[in-house]
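S.K.: Turn this into a model:
(one chain, ligands or ions: 1)
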Amino acid sequence: MANFETVVVNTDLLIVGGGMSACGAAVEASYWAKKHGLKVTLVDKAAMDRSGAVAMGLSAINLYIGQAAGDNTVEDYVRYVRQDLMGVTREDLVYSIARHVDSTVHLFEKWGLPIWKDKDGKYVHEGRWQIMINGESYKIIVAEAAKNSINSLGDKGEIYERVFIVEPLLDGDRCVGAVGFSVRENKFYVFKAKAVLVGMGGAVHVFRPRSTGEGLGRSWYPPFNTGSSTYFTLKAGAEMTCQEVRFIPVRFKDAYGPVGAWFLLFKSVATNAFGEDYMKTHPDVLEQYAPYGMTKPIPANLRNHLGLIDERAGLGPIYMQTAEAIQRLSEEMPDEKQRKKKLKELESEAWEDFLDMTISQALLWAATNTRPEEKPSEIAACEPYFIGSHSGASGAWVSGPEDIAPPEYQWGYTNMSTVKGLFCAGDASGASSHKFSSGSFTEGRIAGKSAIRFIVENNQEPSVDDAQVEALKERILKPLDLFEQFKGATTDPDVNPNYIRPKQFMFRLQKIMDEYAGGVSKSFTTNKHLLEKGMELLTMLKEDSEKLAAENLHELMRCWENVHRMWQAEAHIRSVMFREETRWPGYYIRADFPNMDQENWKCFVNCKWDPKTGEWEMCKRPIISIID
Ligand code: FAD
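M.R.: Alright, predicted model coming up:
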């Protein structure tokens, strides 16, 4: 076996992940840990300053209620999320995040995040719930606060960066830690904890991306999150929810630039190539999805669906009419001088929007001589992603807040999964979409506080079986051994009868998902037979995962990233197969069940993998409304 030092870290709370939810958990848990003399340890596979989905920065905070100013109510937000997810949402969780989110945003501002203000000192809104920020350094500011909080605990606070977490550690029915490896030095890490909080984000590159060649890594969702939250919670035996609810954003084509500022701030319209506004030309389709299709705002997936109908009918490209929007807004000005000034202002806002969060889109515009004030830009549906904190919903099934969750949604500490001591937040916790950056941080705070309470009330030392750890170490490092053993068998190390390298493995996974589970090349359409075939091929891929080989630490990470993606893929296929209807047609269509079926399928689809038997179980869970 490869020669790796084993480093054992003992802690009370272990936070895995260093993104928005983990930073929220770090801030809140450290506060409560200090009061109780407990230790908090955080582990991130990357450097917290630029890790996770917010790595590049953002141009807007998408969830702010404005309760104090009376702008909106928490109940309004729950209604909005329920409508956008076609009725499938845990209202207790959404409510709980929304009621606390404003205080999170105020903390961000206190820590130095520049939020746009109008002349009266009020936040500038992009849309009803979104506020504009100068967010290039958003993640650095949030990470600094999290690091300060943990560091304030002295020797009771530890941060490990560039350590990739692979597996949970279990003690009977309780999660008691995690194992992983450094991606910089030959060290195998064993974290023993009294509670574990998962915040390892969602998953990208499970489906074949539109980008090819040099652009392969270009996707809407930065490719750092690879299904680790799903893998970790599944392997611990936790019940999962909404694994079929993938997210497909519509974004500027090829560089995936954000459309929020265009649609919401500039009130731009998207049309097909013949100038028709697809939001207006398909009222019959919207009727099919009543009540959701008949209520404003039209859910994101239905908006996608309408554009895709035109694209499938050969009416593409689909365009964002940028020039028209800029022209219209500048014409609202009373005289020529102000019109010119406004035009310049809008142009610079358009570019800054990309420079804040998707620099590559600005580069693509520059490279293709695109002046948004002169010509429209193509938009397209991206490949599918798993991001339960955004407009998807996949994640673990977590216990709701005790003051508002109905008994069916409440079995333990808030945000604890169905496994004792295993807490989830952000993309890791399911059925509570539209948390976004501020809501994920908020949910991290809620889960962090709850996890500390769990430790205080269940303060048992974790018992970890050394043989279990040794076996895990051997399995996790095996790809390095395989490469060493067989690299000389062929002249080209990429082609070898004894192993498969992670990149090739990823291509196989993506091809299966694309062609059988309704990816881009199938226009997001699948059926039972395709899914069954996909499952058959995935089973073989799973067998081959035992033969993954890694030349170095970086590739070892790539190997495990792909194993994590593969499990995310399986949970997805099983859930899409189980739900016999089409509820989110702009995310996927079940061609064999093309309609929405409120009578049989207005419910959650949950799944579970049993660590003892290795069997999967699927079930329905009821949707219980707490808001009219
Ligand atoms: P993340 O913030 O993604 O953090 C995941 C963390 O887990 C990272 O630190 C990562 O390094 C770590 N990790 C992953 N795997 C492992 C592993 N195996 N071991 C150890 N660590 C691991 N929100 C807004 O408010 N406004 C916006 O405009 C907006 N735009 C967005 C645009 C894009 C392209 C995307 C993808 C998201 C956007 N969001 C926006 C949503 C927001 O970014 C997410 O809701 C939020 O980041 C989710 O928080 P999280 O903690 O669950 O995941």
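S.K.: Only C-alpha atoms from now on, for both contacts and neighbour counts.
M.R.: Fine.
S.K.: buried sites along the one helix or strand Leu531 maps to?
M.R.: Applying DSSP states H and E as the criterion places Leu531 in helix 528-544. The neighbour-count check on helix 528-544 (16 or more other CA atoms under 10 Å) flags 528, 530-532, 534-535, 537-538, 541-542 as buried.
S.K.: In CSV: the residues you listed, plus distance to Asn369 and pLDDT.
M.R.: Formatted as CSV, these follow (distance: CA to CA, whole Å; pLDDT from 0 to 100):
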residue, distance to Asn369, pLDDT
Lys528, 45, 98
Leu530, 42, 98
Leu531, 42, 98
Glu532, 46, 98
Gly534, 42, 98
Met535, 44, 98
Leu537, 44, 98
Leu538, 43, 98
Leu541, 43, 98
Lys542, 45, 98
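S.K.: and those residues as TSV, adding distance to Leu169?
M.R.: Shown next, in TSV, are those (distance: CA to CA, whole Å):
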residue	distance to Leu169
Lys528	35
Leu530	35
Leu531	32
Glu532	32
Gly534	31
Met535	28
Leu537	29
Leu538	26
Leu541	25
Lys542	22
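S.K.: mind listing what Leu58 touches?
M.R.: 133-136, 138, 356-357 (CA atoms under 8 Å, 6 or more residues apart in numbering).
S.K.: follow-up on the earlier one: so how far is the helix holding Leu531 from its chain's centroid?
M.R.: For helix 528-544, the distance from its own C-alpha centre to the chain's C-alpha centre is 24 Å (CA atoms, centre = their mean, to the nearest Å).
S.K.: same check, this time on stretch 206-218
M.R.: A distance of 18 Å separates the centroid of the chain from that of stretch 206-218, by CA atoms, centre = their mean.
S.K.: Check stretch 519-537 too.
M.R.: 22 Å.
S.K.: just the CA coordinates of that stretch, formatted as PDB?
M.R.: Extracted C-alpha coordinates of stretch 519-537, given in PDB (Å, rounded to 0.1, in the frame of the first residue of the first chain):
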ATOM      1  CA  GLY A 519     -29.100  15.000 -20.900                       C
ATOM      2  CA  VAL A 520     -28.500  17.800 -23.400                       C
ATOM      3  CA  SER A 521     -28.200  15.500 -26.400                       C
ATOM      4  CA  LYS A 522     -31.600  13.900 -25.700                       C
ATOM      5  CA  SER A 523     -33.200  17.300 -25.100                       C
ATOM      6  CA  PHE A 524     -33.700  16.300 -21.500                       C
ATOM      7  CA  THR A 525     -36.100  13.500 -22.400                       C
ATOM      8  CA  THR A 526     -36.100   9.900 -21.100                       C
ATOM      9  CA  ASN A 527     -38.400   7.000 -20.400                       C
ATOM     10  CA  LYS A 528     -38.500   3.800 -18.300                       C
ATOM     11  CA  HIS A 529     -36.600   1.700 -20.900                       C
ATOM     12  CA  LEU A 530     -33.800   4.300 -21.300                       C
ATOM     13  CA  LEU A 531     -33.500   4.600 -17.500                       C
ATOM     14  CA  GLU A 532     -33.300   0.800 -17.100                       C
ATOM     15  CA  LYS A 533     -30.600   0.600 -19.700                       C
ATOM     16  CA  GLY A 534     -28.800   3.500 -18.100                       C
ATOM     17  CA  MET A 535     -29.000   1.700 -14.800                       C
ATOM     18  CA  GLU A 536     -27.600  -1.500 -16.300                       C
ATOM     19  CA  LEU A 537     -24.600   0.400 -17.700                       C
END
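S.K.: can you list the residues that contact it?
M.R.: Under CA under 8 Å, 6+ apart, the answer for stretch 519-537 is 207-210, 382-384, 512-518, 570, 573, 577, 586-593.
S.K.: go on, stretch 298-314?
M.R.: Residues external to stretch 298-314 that are found in contact with it (CA under 8 Å, 6+ apart): 83-86, 248-250, 272, 278-279, 282, 285-286, 292-293, 316-318, 381, 391, 584-587.
S.K.: Can you read off the pLDDT for the residue nearest to Gly227 when sequence neighbours are not counted?
M.R.: Distances taken as CA to CA, 6 or more residues apart in numbering put Ala203 closest to Gly227, at 4.3 Å, once the chain neighbours are dropped. For Ala203, the model assigns a pLDDT of 98.
S.K.: what bridges to Ala203?
M.R.: Thr226, Phe386 (DSSP bridges).
S.K.: Looks like it contacts Glu383 (just checking).
M.R.: No: Ala203 is beyond contact range of Glu383, at 11.7 Å (criterion: CA atoms under 8 Å).
S.K.: picking that back up, so what's the residue count around the residue nearest to Gly227?
M.R.: Neighbour count for Ala203, taken as other CA atoms under 10 Å: 29.
S.K.: thinking again about what came up before, report the buried members of the contacts of stretch 298-314.
M.R.: Using 16+ other CA under 10 Å as the burial test, these include 83-86, 248-250, 272, 278-279, 286, 292-293, 316-318, 381, 391, 584-587 as buried.
S.K.: Strands - which of the contacts of stretch 298-314 land there?
M.R.: Counting by DSSP state E, the contacts of stretch 298-314 place 250, 318, 381 in strands.
S.K.: Give me the distance between the first one and Gly314.
M.R.: Meaning Val250. 18 Å (CA to CA, to the nearest Å).
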